[in-house]
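1. whatever this is, show me its structure:
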Amino acid sequence: MASLTRYRCPVTPDDCPTSASRGFCAIHEWERLVPERILISEELNGPGGSGGSDGAPERRPGDGGEAASGRRQEGAGSGPGSAHEPAAGGEAERPPRPSGTRPPRPVPTRPPIVRPTAVRAPTVRLALVLAGVLVPLRGEGEAPTRLGRDAPDCAHVTGLDLLDQISREHAEFFWESGRLYVRDTCSSNGTFVDGDRIEEPARVWPGRHEVRLAQDVDLVVVEIDEFGAPL
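-> I've put the predicted structure just below:
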């Protein structure tokens with residue numbers, strides 16, 4: 001008598017194909033095959049038919065005996081170091097079934113936010129044209145620009161000291177909250193904006209308002225460039 005070890009699927013041993021080596025079931029691909037000892041008669045092809053010489057019926061998985069002991073041996077040999085070792089001459093065992101959990105998705109990194117640097121608007125430079133002479137206006141936060149026959153800001157205006165209708169301290173221009181205003185400084189003949197004599201500071205701007213000192217001394221508010229020339 002000779003013996004041959006075959007391996008069967010423990011789920012449906014009669015329906016699933018058997019294998020001569022260790023491995024997994026071809027139908028239940030995650031079920032490990034278990035060994036089954038089969039006695040083969042030397043006269044298998046002879047008139048005695050199949051089966052052992054003593055006529056003992058063939059054991060199948062689920063009947064106890066060799067199949068059950070084979071499962072115990074298989075479970076005992078599936079510890080660390082032996083779960084994925086291929087049998088000699090057989091196919092390599094499959095890796096363990098994945099747990100079904102998805103790997104964590106990588107968190108996309110956002111590019112740093114680059115905020116534009118605040119750009120300050122260029123300071124508006126203004127001047128007055130008085131008697132044909134340019135009188136620059138001081139900027140916001142500075143002292144007012146004063147006009148009159150004795151005003152230092154008008155000392156370079158030729159002939160202004162001869163105009164008796166203009167007071168020694170006649171008017172002044174100043175900035176407030178980014179706006180330009182003109183104010184009369186208790187002159188004798190008054191300061192006019194758009195033809196009306198002003199009692200309170202009045203807002204003015206180049207090309208929008210007409211300014212006059214006394215009866216006939218006109219002022220023109222103009223913008224100037226960085227070199228002091230009218231635009």
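2. got the contact list for the nearest residue to G141 once chain neighbours are set aside?
-> With CB to CB, 6 or more residues apart in numbering as the criterion, G141 has its nearest non-adjacent residue at 7.4 Å, and that residue is W175. For glycine as for every other residue, the C-beta is placed from the backbone atoms N, C-alpha and C. By CB atoms under 8 Å, 6 or more residues apart in numbering, W175 lies in contact with 138-142, 181.
3. find the helix or strand that W175 is a member of.
-> strand 171-176 (DSSP states H and E).
4. cool, and V135?
-> strand 133-136.
5. C-terminal to that strand, what's the next element?
-> Following strand 133-136 in sequence, per DSSP H and E, is strand 145-147.
6. output the lowest mean pLDDT helix or strand found in the chain.
-> helix 65-76 (a mean of 47; mean pLDDT, DSSP states H and E).
7. which is the next helix or strand following it?
-> strand 126-130.
8. correct me, but T191 touches Y181?
-> No: look at T191 against Y181 with CB atoms under 8 Å: they stay out of range, at 11.4 Å.
9. mind checking which of the two has more residues around it?
-> T191 (25 against 18; other CB atoms under 10 Å).
10. can I see the domain layout of this structure?
-> 1-94, 126-223 (automatic domain parsing).
11. what is the end-to-end distance of the last one?
-> Right, the one you point to is domain 126-223. 4 Å (CA to CA, to the nearest Å).
12. show me the contact partners of stretch 201-215.
-> 126, 147, 163, 165-166, 170-171, 173-174, 179-183, 187, 189-195, 218-223.
13. quick one: buried residues of it?
-> 201-202, 204, 211-214 (16 or more other CB atoms under 10 Å).
14. stretch 217-231 now?
-> 217, 219, 221-222, 224.
15. how close does the residue nearest to G141 sit to R208?
-> W175 sits 16 Å away from R208, going by CB to CB, to the nearest Å.
16. cool, G190 as well?
-> Counting by CB to CB - G190 and R208 are separated by 21 Å.
17. same deal with G178?
-> 15 Å.
18. before we move on, back to that, adjacent strands (with direction) for the strand holding W175?
-> strand 145-147 (antiparallel), strand 179-184 (antiparallel) (DSSP bridges).
19. which ones are touching the closest residue in space to G190 that isn't next to it in sequence?
-> Spatial nearest neighbour of G190, chain neighbours left out: R197 (4.5 Å); criterion: CB to CB, 6+ apart. Contact analysis of R197 by CB under 8 Å, 6+ apart lists 184, 190-191.
20. so what pLDDT did R197 get?
-> Listed pLDDT for R197 reads 96.
21. on that earlier part again, among the contacts of stretch 201-215, the buried ones, what's the PyMOL command?
-> A single PyMOL command selects the buried members of these (16+ other CB under 10 Å):
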select buried, resi 126+147+163+166+170+171+173+174+180+181+182+183+187+189+190+191+192+193+219+221+222
